[in-house]
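Engineer: Sequence and predicted structure are below.
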Amino acid sequence: MWRYPRTLGVQSPPRHLHHQQQQQQVNSPHSPAPPSSRTTNLHDHDHDHDHEDMSPQKNTRSMSPASLAMPPPPPPKPKSVTMEEAPSLHHKTSSKPVMTPPEAYANYRHFNVTIPAPGVAHVEINRPEKLNAFYKLMWDEYGSIFDRLSGDSAVRCIVLSGAGEKAFTAGLDLEMNMEMVGGRAKGDDEAPIDPARKAWALRKHIQEFQEAISAAERCDKPVISVLHGFSLGLAIDIACATDIRICASSTTFAVKEVDIGLAADIGTLSRLPKVVGSLSWVKDVTMTARFFGAEEALRVGLVSAVYGSKKEALEAAMRLGITLAGKSPVAVQSTKALVNYSVGRSVQEGLLYTQSWNAAALQTQDVPNAIKATMQRKKPTFSKL
């Protein structure tokens, strides 16, 4: 209900008239309900009633004649949003495309998580002063973010990019990871431990690292990675675990692990041969650690599109994300699960798995809804999954 402070100098109505109006307000079926004291969950009911209707037309019964004489101030105009501003905006879950970050994603040190469009999450690696190079806290945060997004029903697609113009990520921060790469594992008393215990500790360390980077592949939602600048070492591990990869024309790739004395161990050697069509090329780039560019990456199938700049690539990824977010989440997420299962298995195994999967998934209302909308030449809408 609109109210005006006494400082505006509006004369109050007579007391008997004020009493009658109060009684009408209590008895009126249009009187607004008292505000609830319950704290609203971020994703409860998608905020079907985001805000109580406060327009003066809907609340004239509860206004005094004096207050009706003064029009309410016009609501502020919403700020227009450009693609450059979208990553910095914050997500507020609503049926309207308000861009506010979910509370669950607001406290990460090296990642920005925003919702630049309804159903689309943007995860930005945010350590540009170090070329977005990773250390343990970063890969722990990375895994946590994608595990959370996987279960977030308000999110249907994820775009992954790196902050700054110089690098998607330059890989591992060697200075902060010397204990791992140098094998200098120590016991509680800081004395060198025996080789078996050292191996056990390093194996556990590598396993945790692998599981964190695999979170994008494990995530139910499709993940689009946008590579630019230096995309070295760990960048290839990360990209191969995503579903769709695009890049800027100036991107420089390399599998650099051999140059620091080790074999890549976070996913490249397992996934890259399945991503591209040439085992000869895979062995070439992984054993020589040579640099290669965007056009070569496109030719072998590491990326599916190349754009003139990071900005253009990110805008294209956002458009693609919006397209995927507008489709049935049952259909999109089922497709990701079935394709991932079928990689490395026989056709017959994939067909049998699809039989069992679709025996459940085909019972969704998304199928008749999509068919009906197609016949009526309308855009279908689908509920959260």
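Structural biologist: Here it is on my side, so go on. Given the structure is predicted, the values throughout are model-derived calculations rather than measurements.
Engineer: just the helices in the stretch 151-300 of the chain please.
Structural biologist: Ranges of helices in the stretch 151-300 of the chain, per DSSP state H, counting those that start in this stretch, are 178-181, 195-213, 215-218, 234-240, 268-275, 279-288, 294-300.
Engineer: packing partners for the last one?
Structural biologist: Right, the one you point to is helix 294-300. strand 244-248, strand 252-254, strand 305-307 (3 or more C-beta pairs under 8 Å, 6 or more residues apart in numbering; DSSP states H and E). Where you see a C-beta, it was placed from the backbone N, CA and C, and this is true even at glycine.
Engineer: Which elements pack onto the last one?
Structural biologist: Read it as strand 305-307. If you count contacts as 3+ C-beta pairs under 8 Å, 6+ apart, strand 305-307 packs onto strand 244-248, helix 294-300, helix 310-325.
Engineer: so which of these gets nearest residue 331?
Structural biologist: helix 310-325 (10.2 Å; C-beta to C-beta).
Engineer: Buried residues of the closest one, list them for me.
Structural biologist: Under the neighbour-count criterion of 16 or more other C-beta atoms under 10 Å, helix 310-325 has 310, 312-318, 320-322, 324-325 buried.
Engineer: Quick check: next helix or strand after the helix or strand bottoming out on mean pLDDT in the chain?
Structural biologist: In the chain, the helix or strand scored least confidently by mean pLDDT, DSSP states H and E is helix 65-68, which has a mean of 40. Using DSSP states H and E, the helix or strand that follows helix 65-68 in sequence is strand 111-117.
Engineer: still on that earlier bit, what's the most buried one of the helices of the stretch 151-300 of the chain?
Structural biologist: When you average the neighbours per residue for each of the helices of the stretch 151-300 of the chain (mean count of other C-beta atoms under 10 Å), helix 234-240 leads with a mean of 29.
Engineer: what's around residue 103, how many residues?
Structural biologist: For residue 103, the count of nearby residues is 11 (other C-beta atoms under 10 Å).
Engineer: same thing with residue 362?
Structural biologist: Other residues close to residue 362 by other C-beta under 10 Å number 11.
Engineer: how far away is it from residue 163?
Structural biologist: Going from residue 362 to residue 163 by C-beta to C-beta, to the nearest Å gives 42 Å.
Engineer: ditto for residue 376
Structural biologist: From residue 376 to residue 163 the distance is 43 Å (C-beta to C-beta).
Engineer: before we move on, what about residue 252?
Structural biologist: 17 Å.
Engineer: Could you list the low-pLDDT ranges of the stretch 101-250 of the chain?
Structural biologist: 101-102, 179-192 (pLDDT under 70).
Engineer: can we see that at 80?
Structural biologist: Across the stretch 101-250 of the chain, the ranges flagged by pLDDT under 80 are 101-104, 177-193.
Engineer: For residue 162, which non-adjacent residue is closest in space?
Structural biologist: Of all residues not flanking residue 162 in the chain, residue 168 sits nearest, at 3.9 Å (C-beta to C-beta, 6 or more residues apart in numbering).
Engineer: ditto for residue 312
Structural biologist: Per C-beta to C-beta, 6+ apart, closest to residue 312 is residue 248, 7.3 Å.
Engineer: ok, that neighbour - contacts?
Structural biologist: 226, 227, 228, 229, 294, 306, 307, 308, 309, 310, 312, 313 (C-beta atoms under 8 Å, 6 or more residues apart in numbering).
Engineer: Closest to residue 273 out of those?
Structural biologist: residue 227 (19.1 Å).
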